[in-house]
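>>> next comes the sequence, and after it the predicted model I'd like to discuss.
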Amino acid sequence: MKPGTIVKPKSKISASRKLSLKILLLQRAMESLEQEKVNRDEEKVKYLGDRLQPLQLSGMTMDDLQKLCKQLHAKIDVVDEERYDCEAKVMKNGKDIHELKLKVQDLGGKFKKPALRKVRVSAEEMMKALLGSKHKGTMDLRSNLKSVKKEEIKAKDTAEAGDWRKNVEAMSGMEGRKKMFDASGGAQ
């Protein structure tokens with residue numbers, strides 16, 4: 001056995017005993033669920049009996065029946081509004097619970113970050129993505145560069161080197177090195 005390893009003690013309960021205990025627990029859970037259902041049904045009947053009085057329609061005139069119908073419609077509207085409010089609260093609480101679960105998962109770090117893919121995007125598409133609707137027209141990157149007159153560059157190059165092929169041939173070998181040495185002012 002390696003040092004530092006944790007050894008779990010073997011269970012003292014046999015597999016058949018574990019199975020029988022699980023079966024007993026499941027039976028108790030089923031019984032308690034059935035009992036809860038019966039209790040809920042009894043409470044519902046009792047609540048409806050307290051809230052609703054039996055209607056006595058015998059011996060009522062047409063006007064009385066119409067008044068009773070209007071009263072019942074008013075009560076139905078009130079109950080319907082309460083039901084709608086309760087449903088809205090339940091939906092809001094459900095969304096809040098979902099958002100909190102997501103936050104907990106984010107904090108727990110259970111999500112793997114996906115590998116990023118290389119995407120080729122042109123300069124114009126990138127500017128549209130960054131600037132949105134503010135980006136108008138095409139973007140010519142060369143137009144933003146500093147303009148340099150070609151004649152000035154040619155004049156500098158010809159004054160210093162002339163034709164580069166002649167310059168390379170002249171500088172090749174020992175004679176070229178001697179010319180470079182003399183031109184730098186080394187032999188005076």
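Cool, the structure landed. Quick caveat, the model's predicted, so the values are computed rather than measured.

>>> the helix or strand residue 95 falls within - what's its average pLDDT?
Element membership for residue 95 (DSSP states H and E) is helix 62-108. For helix 62-108, mean pLDDT rounds to 92.

>>> quick check: what element follows that helix along the chain?
Following helix 62-108 in sequence, per DSSP H and E, is helix 123-131.

>>> any buried residues in that following helix, and which?
Neighbour-count burial for helix 123-131, counted by 16 or more other C-beta atoms under 10 Å, picks out 127-128. Where you see a C-beta, it was placed from the backbone N, CA and C, and this is true even at glycine.

>>> for stretch 30-40, same thing?
Under 16+ other C-beta under 10 Å, stretch 30-40 has no buried positions.

>>> quick one on the thing from earlier: helices or strands next to the helix holding residue 95 in the packing?
Packing partners of helix 62-108 (3 or more C-beta pairs under 8 Å, 6 or more residues apart in numbering; DSSP states H and E): none among the helices and strands.

>>> helices and strands of this protein: which one bottoms out on pLDDT?
Here the helix or strand of the chain ranked lowest by mean pLDDT, DSSP states H and E is helix 150-160, holding a mean of 59.

>>> domain assignment for this structure?
Using automatic domain parsing, the domain parsing of the chain gives 17-51, 61-106.

>>> three-state assignment of residue 58?
With DSSP: H, G, I helix; E, B strand; the rest coil as the basis, residue 58 sits in coil.

>>> what's the spacing between it and residue 65?
Distance, residue 58 to residue 65, using C-beta to C-beta, to the nearest Å: 11 Å.

>>> now swap in residue 29 and tell me
Distance from residue 29 to residue 65, by C-beta to C-beta: 51 Å.

>>> more neighbours: residue 58 and residue 65, which one.
Ranked by neighbour count (other C-beta atoms under 10 Å), residue 58 and residue 65 place residue 65 first, with 11 against 5.

>>> the more buried one and residue 59: what is the separation?
Residue 65 sits 11 Å away from residue 59, taking C-beta to C-beta as the criterion.

>>> ok, now residue 39?
39 Å.

>>> cool, and residue 28?
From residue 28 across to residue 59, the span is 54 Å (C-beta to C-beta).
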